[in-house]
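S.K.: Predicted model and sequence follow; I will ask about them next.
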Amino acid sequence: MGRSLKYEIPGEDPRVPLSDVAEKGWTLVFASTMKSACGSRSGAPPDGLEQTPRRVLEIGFGRGEFLLAMAAREPRVQFIGIEVSWKRTLKMARKVARAKLENVRLVDDRAEHAIQVLFEPESLDAIWINFTDPWPKGRHAHRRLIRTGFVGDAAVALKASGTLFVATDDVPYALQIDEVLSRSPRLENLNAPFPFVSEVADRMRTGYEEQWRAEGRPLHFFTYRPSPNAHRGRTRPDRPCSGRAR
Ligand SMILES: C[S@@+](CC[C@H](N)C(=O)[O-])C[C@H]1O[C@@H](n2cnc3c(N)ncnc32)[C@H](O)[C@@H]1O
């Protein structure tokens, strides 16, 4: 992982090359920092941590407010942030290091690729996708993240008890998200019979959400869990780990 003087990151660099994760797996990547965070000199994992690792993913963390708040609130949970923007990943790495959060790892990659190569089936407790880019122009619609293939991969990566959270302020995208999620045989709608809700009590707000609320935009919050047959016949695709690693 290269560093430049301009972007010097204090403390341990929380960015993880895809190759490291693919080789070691998240548990080992996290374990090294978790141990130093907990001051263990014996090499033994902190009590209960590796026996019951909870692992939460946020996709497209943007300026990172939501991920930082979640990680600070639950220091014993492992948080992974995936963001396609390298600049945002780098800025976030500095925030994570300055906040001395030892339970966060950042990957700069497209989520569609990362979800396939980084996670074993049934390995995530939650996936958060907050205000994913709506790509409103028709000719760009194919760039939207919430599509059938990606959603199927996300369902496989979730534990049976896991949850997929998706939020958008964009009405046409909300209709598409509803169509994709509700048609997925691998997912079940926790808001049924409603496709989404427009408010969720006690939900932390993201940076973009604050803007959209100030502008009075309608919000759509989707909550799904894997269906009982979500993992039937599925394994992680055996693809080369070719994403951008920094
Ligand atoms: C509208 S912003 C929302 C940021 C943040 N979640 C929030 O609510 O404040 C969408 C973010 O998703 C990232 N993003 C877009 N497509 C992505 C993809 N395919 N994989 C990972 N991140 C993506 C963008 O770079 C951007 O930071």
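M.R.: Okay, I see it.
S.K.: and this structure, which residues reach the ligand?
M.R.: For the chain, the residues in contact with the ligand (CB under 6 Å from any ligand atom) are 59-62, 82-85, 88, 110-112, 130-133, 145, 206-209. Where C-beta positions appear, they are placed from N, C-alpha and C, glycine not excepted.
S.K.: Give me the most central residue, this structure.
M.R.: The centre of the chain sits closest to residue 58, judged by CA atoms, centre = their mean, with a distance of 2.2 Å.
S.K.: right, and that one touches residue 79 too?
M.R.: Yes - using CB atoms under 8 Å, residue 58 is in contact with residue 79, at 7.1 Å.
S.K.: what's around the closest residue to residue 209 other than its chain neighbours, how many residues?
M.R.: Excluding the flanking residues, the one nearest residue 209 by CB to CB, 6 or more residues apart in numbering is residue 131, at 6.2 Å. Per other CB atoms under 10 Å, the neighbour tally for residue 131 reads 21.
S.K.: Then residue 54?
M.R.: Neighbours of residue 54 (other CB under 10 Å): 15.
S.K.: Dump stretch 71-83 to PDB, keeping only the CA atoms.
M.R.: Provided in PDB are the C-alpha atoms of stretch 71-83 (Å, rounded to 0.1, in the frame of the first residue of the first chain):
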ATOM      1  CA  ALA A  71     -17.900   1.300  14.100                       C
ATOM      2  CA  ALA A  72     -17.600   3.600  17.100                       C
ATOM      3  CA  ARG A  73     -20.800   2.300  18.600                       C
ATOM      4  CA  GLU A  74     -19.900  -1.400  18.200                       C
ATOM      5  CA  PRO A  75     -16.200  -1.800  18.700                       C
ATOM      6  CA  ARG A  76     -16.400  -5.600  18.800                       C
ATOM      7  CA  VAL A  77     -18.100  -5.900  15.400                       C
ATOM      8  CA  GLN A  78     -15.900  -6.000  12.300                       C
ATOM      9  CA  PHE A  79     -16.900  -3.300   9.700                       C
ATOM     10  CA  ILE A  80     -15.900  -3.300   6.100                       C
ATOM     11  CA  GLY A  81     -16.400  -0.400   3.800                       C
ATOM     12  CA  ILE A  82     -16.300  -0.800   0.000                       C
ATOM     13  CA  GLU A  83     -16.100   2.400  -2.100                       C
END
